[in-house]
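Chemist: Requesting a structural model of the entry that follows:
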Amino acid sequence: MNARFRLLAALCLFLSFIACTSRDESELTSLYIMDLETGKPTLLLSDPNQSYWGPAWSPDGTQIVFSVFENEKGELYLIHPDGSGLIQLTSNGKSNYLPAWSRDGQSISFISQDGNTNTAEIFTIHVDGTGEKQLTDNDAWEYGSSWSLDGGQMIFGSERDGTWKIYSMNTDGSNQVALPTSVHGNAPVWSPDGTKIAFTSNRDGDDDIWIMNSNGSSQQNLTLNDYWDDNPQWSPDGKKIVFVSDRDGAHDIFVMNSDGSAATNLTGDFNLDTSLPSWSPDGSKLVFHAANPQK
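Modeler: Residues are numbered from 1 along each chain as shown. So this is what the prediction gives:
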């Protein structure tokens with residue numbers, strides 16, 4: 001399936017059902033933390049009236065940023081991994097999602113969508129809630145963002161010319177240029193050492209996880225199969241990549257070596273429809289959102 005429909009139609013469907021005044025709790029999403037040593041997920045946040053979505057662990061490990069969706073709007077919040085210290089970060093009345101931390105932990109980029117418009121732009125905000133700034137401004141969708149090691153650049157996916165490509169820009173929004181990659185590509189993320197980029201592409205017929213050098217060269221498909229693989233995230237040591245796949249029949253979180261070998265399903269035993277995992281900075285845990293299990 002075309003990645004735009006996988007990523008964005010799914011989000012539109014998500015926004016539509018959270019707007020319902022009468023809804024089953026199984027339609028909502030909660031936050032979980034999985035200890036990779038025990039392999040067991042622990043509930044972090046759940047609410048019968050809200051959905052918690054797209055968490056990202058801070059570089060120092062002390063906070064998790066995520067979206068809280070209710071009535072078609074989604075604001076960003078921060079929380080400590082033990083569930084304490086919940087604070088609201090954004091308050092712009094839009095749908096804000098897919099947050100990503102700067103490497104120094106002082107700023108967060110995110111996608112922001114105003115109502116039902118057919119566009120979604122990249123914003124940044126300081127971790128104290130000040131300095132919110134719009135970086136992109138066009139009639140297209142953006143999806144995913146990742147900060148460079150020195151904090152001066154960002155990569156992101158955009159459909160601004162009618163096909164998904166990976167772009168780079170300065171973190172003030174200037175100098176937006178497409179990387180020399182074959183279409184399609186989005187949801188890019190730099191490796192911890194900044195030398196490689198993992199991303200999603202459907203150029204081989206379905207969504208797969210790809211990697212390439214940071215300049216766009218040496219592109220390689222790591223998950224060449226007939227299934228949907230999406231939203232890669234590097235482990236802190238750069239040796240593994242975690243991603244979401246439906247290869248076992250549901251949306252589960254998988255981890256594989258950075259060369260694509262030894263893919264393992266981490267959540268298949270827990271009856272959770274999972275998405276958007278993020279590593280703790282020590283590599284021992286994952287945080288992710290999942291649909292509340294059927295009762």
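
Chemist: where does this protein have low pLDDT?
Modeler: The model of the chain has pLDDT under 70 over residues 1-26, 116, 292-295.

Chemist: could you pull out the helices for it?
Modeler: 3-4, 10-18 (DSSP state H).

Chemist: Would you check how far apart residue 75 and residue 67 are?
Modeler: Taking Cβ to Cβ, to the nearest Å as the criterion, residue 75 is separated from residue 67 by 7 Å. In this view, the C-beta of every residue, glycine as well, is placed from N, C-alpha and C.

Chemist: Mutual contacts of these two, please.
Modeler: Residues touching both residue 75 and residue 67 (Cβ atoms under 8 Å, 6 or more residues apart in numbering) are residue 96.

Chemist: Test my guess that residue 199 contacts residue 157.
Modeler: Yes. The criterion here is Cβ atoms under 8 Å, and residue 199 meets it with residue 157 at 7.4 Å.

Chemist: Name the residues contacting each of those two.
Modeler: With Cβ under 8 Å, 6+ apart, residue 199 and residue 157 have common neighbours 144, 166, 185-188.

Chemist: Report the beta-bridge partners for the closest residue to residue 270 other than its chain neighbours.
Modeler: Taking Cβ to Cβ, 6 or more residues apart in numbering, and ignoring the residues beside it in sequence, residue 270 has residue 41 as its nearest neighbour in space, at 5.9 Å. In this structure, residue 41 bridges to residue 34 when assessed by DSSP bridges.

Chemist: so who does residue 41 touch?
Modeler: 32-34, 267, 270, 272, 290.

Chemist: taking these one by one, which sit in strands?
Modeler: Judged by DSSP state E, strands contain the following of these: 32-34, 290.

Chemist: Buried residues of stretch 161-180, list them for me.
Modeler: Residues 164-169, 171, 173, 176, 179 are the ones in stretch 161-180 that count as buried (16 or more other Cβ atoms under 10 Å).

Chemist: any idea how far the residue nearest to residue 270 is from residue 267?
Modeler: Using Cβ to Cβ, one gets 7 Å for the distance from residue 41 to residue 267.

Chemist: list residues touching both of these two?
Modeler: The contact sets of residue 41 and residue 267 overlap at 34, 290 (Cβ under 8 Å, 6+ apart).

Chemist: Apart from its chain neighbours, what residue comes closest to residue 150?
Modeler: Computed as Cβ to Cβ, 6+ apart, the closest residue to residue 150 that is not its neighbour in sequence is residue 103, at 7.8 Å.

Chemist: same thing with residue 137?
Modeler: residue 121 (6.3 Å).

Chemist: Tell me how far that neighbour lies from residue 113.
Modeler: 8 Å.

Chemist: next one: residue 268
Modeler: In terms of Cβ to Cβ, residue 268 sits 31 Å off from residue 113.

Chemist: Those two: which has the busier surroundings?
Modeler: Using other Cβ atoms under 10 Å as the criterion, residue 268 and residue 113 rank with residue 113 on top: 23 against 16.

Chemist: residue contacts, that one?
Modeler: Contacts of residue 113 by Cβ under 8 Å, 6+ apart are 94-97, 119-121.
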